[in-house]
Each structure stands twice: as C-alpha cells, then as structure tokens.
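**Student:** mind looking at a prediction? Sequence and model below.
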Amino acid sequence: MSTDISRAMVLAAGLGRRLRPLTNTVPKPLVKVDGKALIDYSFDLVRGADISQAIVNCHYLAEQIEAHVRQVTDLQVTLSDERGELLETGGGVQKALPLLGNSPFAVLNSDVIVRDGNSTSLKLLVDRWDPSKMDVLLLLQPKENAVGYDGIGDYSMDVEGQLKRPEAGKGAPFIFAGIQIVKPEMFDGIEAGKFSMNVIFDKAAHNGRLFGLPHAGQWLHAGTEDALKIIEKKIREQ
C-alpha cells in the first residue's frame, strides 16, 4: 500500500566531530565524497521518490548549508534554522513540524549514502508505507554488509516487517539505515527540546506500529575519515 508523501526532511545540523579536521571549516553534510557533497546524495533519493519539497535543518556553519541549498533549483528547499540550539534528531524534526505539514513525511540522515538499483530506496519505502498499521517505517540495512558500521545492530524483524529491539547486550541482524517515514502526530505530547528520534521509534514499537523494509543495495556510513576513503573506493568500483 502506498500513500502520497510530498515532503522530506534532510537532517543537516550535526557538528561532525568524528570527521575533524575536515569539519573544522566545512559542515559534515557538505563534505565531498567522490566529488559530491553528502547532502546531495540525500537530495537524489528525494528526487527519486518524486518528492518535490525538502526541509533542511541547519546549525553548525549554517550559512554554508544555506548557500548550498540555494543552488538546488529542481526541489523546493526550505531551511529550518537551529542556530540558536542544536536539538538532536528528534528535536530537530519536531521544530520543523510547521514546515512539514499534517501528513506523513520522510526523514533522511545526510551522513549516509544509500545506493540502489532501478528504484531508489526512498521510493520503495514510500510504496511500502501503510498508515493503517504503521506509525513509523524504517529502511533497514543488513548488518553484515553495512560499510562504515561497527555496532551490534538495532532491530530484528518478523515476517510482517514489524520491528523489535534486541535484549540488552545482544545483537540484532538489522541497523537503521537513516531513512524513514513518520506520522507527525507521533510527536504529540513530547516536550520541545533536545531528543533523539529513538524516542519516536520506541513509542511506535510499544504500540506495535514500528515497521521496517530491508535495503538490498549499498549502504555507506560517512562516520570517519577512514570510512570516507573506503566509501570512495566502493563508489568507484561500481
């Protein structure tokens, strides 16, 4: 089942500490990988899902983000200014809700590169979205072929696609791939301020309405300088 998802938010406000010294003078979303800014890979996914409106939050070196998105002419890009306070992922999305509207929307992390075949992963997520049973739908990457990831995994998934976190200290086969669809009402009752999107994910999971879609393509996490080198090598090998 699919429904109209007309807006996407690209998270671009982080400090990028693990990429220093690269990020001493350039915000992480504008760090180039194979000659292309990280945030532009996210814009490609937005375009591929036939979404025309993008909201981008900014905090660190915000004027550079602002100048960059002004050059994007084929999407309607609006800035959500977090220069006053860095709000983390959940708080950033919550602050942008007036720009995102009353319908479900997509959210993309700008520090991952998701590469697909004929149909982009965000388009597949939109096609899978079923608001009658889902409050949040996450793109998931199988842990064993995630480039730039060294954690224990985030979720297990049943045959219906419903997600469950692992028990404390145990691993899980899937990681959250940094792309999601979420209903705006999931933020109801949550106090404004700094918080992670994990608060929203756990709320949906508690109600049995957190679902996932496995990603079959390439997932590259730009967490460190060493990871960037590996990512560029992977991209050039394709």
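**Tutor:** The structure has been received and is ready for your questions. Residues are numbered from 1 along each chain as shown.
**Student:** can you give me the strands in the chain?
**Tutor:** Along the chain, counting by DSSP state E, strands occupy 7-11, 32-33, 36-37, 53-58, 76-81, 105-109, 112-115, 136-142, 146-147, 156-157, 163-164, 174-182, 210-214, 218-221.
**Student:** the residue lying closest to Phe174 once chain neighbours are set aside: neighbour count?
**Tutor:** Ranked by CB to CB, 6 or more residues apart in numbering and with sequence neighbours excluded, the top spatial neighbour of Phe174 is Leu140, at 4.0 Å. Yep, even glycine has a C-beta here, placed from its N, CA and C like the rest. Neighbours of Leu140 under the rule other CB atoms under 10 Å: 27.
**Student:** mind giving me the packing neighbours of the top helix by length along the chain?
**Tutor:** If you go by DSSP state H, the chain has its longest helix at helix 225-237. Counting by 3 or more CB pairs under 8 Å, 6 or more residues apart in numbering; DSSP states H and E, the packing neighbours recorded for helix 225-237 are strand 32-33, strand 112-115, strand 146-147, strand 218-221.
**Student:** with mean neighbour count and mean pLDDT added, can I get those in TSV?
**Tutor:** Shown next, in TSV, are the helices and strands packed on helix 225-237 (neighbours: other CB atoms under 10 Å; pLDDT from 0 to 100):
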stretch	mean neighbour count	mean pLDDT
strand 32-33	16	88
strand 112-115	23	88
strand 146-147	19	80
strand 218-221	23	86
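**Student:** looking at those strands, which is nearest to Val56?
**Tutor:** Smallest distance to Val56 across the helices and strands packed on helix 225-237 (CB to CB): 15.5 Å, for strand 112-115.
**Student:** okay, now the sheet partners of that closest one, with direction.
**Tutor:** strand 218-221 (antiparallel) (DSSP bridges).
**Student:** pull out the buried residues from stretch 139-148.
**Tutor:** If you call a residue buried by 16 or more other CB atoms under 10 Å, then stretch 139-148 has these buried ones: Leu139, Leu140, Gln141, Lys143, Ala146, Val147, Gly148.
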